[in-house]
Each structure stands twice: as C-alpha cells, then as structure tokens.
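> What follows is a protein structure lacking sequence information:
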Ligand code: 5GP
Ligand code: ZN
C-alpha cells in the first residue's frame, strides 16, 4: 500500500528504530512510547486490522506472536508484558495497518 505509513516503515522509506525483522514480521520502537518498552510488531503484509483477518491471511498473526515472545525476552521483560491491538477508529486505531503494541517495563494495574 503506497500511502500506508507502516508499509513505508517496513520498506525503510521512513526511518524507524527496528528491533526485529524476518520474512513476515517487522518490529520497531513506537515514536510516542506509553511505557519504558513500547514496540510495534507488524506483519509485513498489509492487513488493515484484526477485523480483516481471514483463514487466508491469519498465519501472520502467529508469526507476530512468535516474534513478540522473542522480543520480550530480548528486552528483558521477564516480569511480564502487555500486548494490545486496536481495531478501527472506535477501537482507537490511528494507523490502519495491523499491529500489536508490546508494552513492558512497568506494572500495569488497570485493564
Ligand atoms: P494505533 O493508535 O493505530 O493503535 O497505534 C499507532 C501507533 O503508531 C501509535 O502508538 C503511534 O505513536 C505510532 N506511530 C505513529 N507514527 C509513527 C511513526 O512515524 N513512527 C513510529 N515509530 N511510530 C509511529
Ligand atoms: Zn500497510
């Protein structure tokens, strides 16, 4: 998708602080961190959100979660971490390319 911010970051047309990359997944630090560790884990395939997942494209979700487990270990999040995905404007999504927020380095007390 030529006008998608995260597709441009994945293509390295826009710089990011990449922490992990493989054939299916790209992960980079959020520009506006909401926790000491705040990493966005993104499938390279342009999927808009969780609402657009199908049996044909959902394998990338498990690839993302395998990456999340590795990154969490690399980042030293042995006390735990949180994974969030927002779907649609009403769900708080602002970049319409599926992504998982990996948050850690603090204790989360709310939902
Ligand atoms: P959403 O609100 O869609 O769930 O999350 C989008 C996230 O992308 C936000 O946490 C926001 O800070 C992050 N973000 C927006 N633009 C950029 C950017 O240019 N670079 C990086 N690294 N993160 C961005
Ligand atoms: Zn995209």
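Cool, got the structure. Not measured: the values here are computed from a predicted model. Ligands and ions are numbered 1, 2, ... in the order given.
> you'd agree residue 44 is up against residue 12?
No. Residue 44 is beyond contact range of residue 12, at 11.8 Å (criterion: CB atoms under 8 Å). C-beta: built from backbone N, CA, C; applies to glycine.
> Are stretch 21-36 and ligand 1 in contact anywhere?
Yes. Using CB under 6 Å from any ligand atom, we find that stretch 21-36 touches ligand 1 at 28-32.
> Looking at residue 44 and residue 12, which is more packed in?
residue 44 (18 against 11; other CB atoms under 10 Å).
> picking up where we left off before, narrow the residues of stretch 21-36 next to ligand 1 to just the buried residues.
28, 30 (16 or more other CB atoms under 10 Å).
> Show me which of the residues of stretch 21-36 next to ligand 1 is closest to ligand 2.
Distance to ligand 2, by CB to the ion, is smallest for residue 28 among the residues of stretch 21-36 next to ligand 1, at 13.4 Å.
> how far away is residue 59 from residue 32?
30 Å (CB to CB, to the nearest Å).
> The longest helix along the chain packs against which elements?
Counting residues, the longest helix in the chain under DSSP state H turns out to be helix 59-74. Where contact means 3 or more CB pairs under 8 Å, 6 or more residues apart in numbering; DSSP states H and E, helix 59-74 is packed against strand 18-21, strand 25-29, strand 37-43, strand 81-84, strand 100-104.
> Pairing partners for the third one, with directions?
It refers to strand 37-43. Here strand 37-43 is paired, per DSSP bridges, with strand 25-29 (antiparallel), strand 100-104 (antiparallel).
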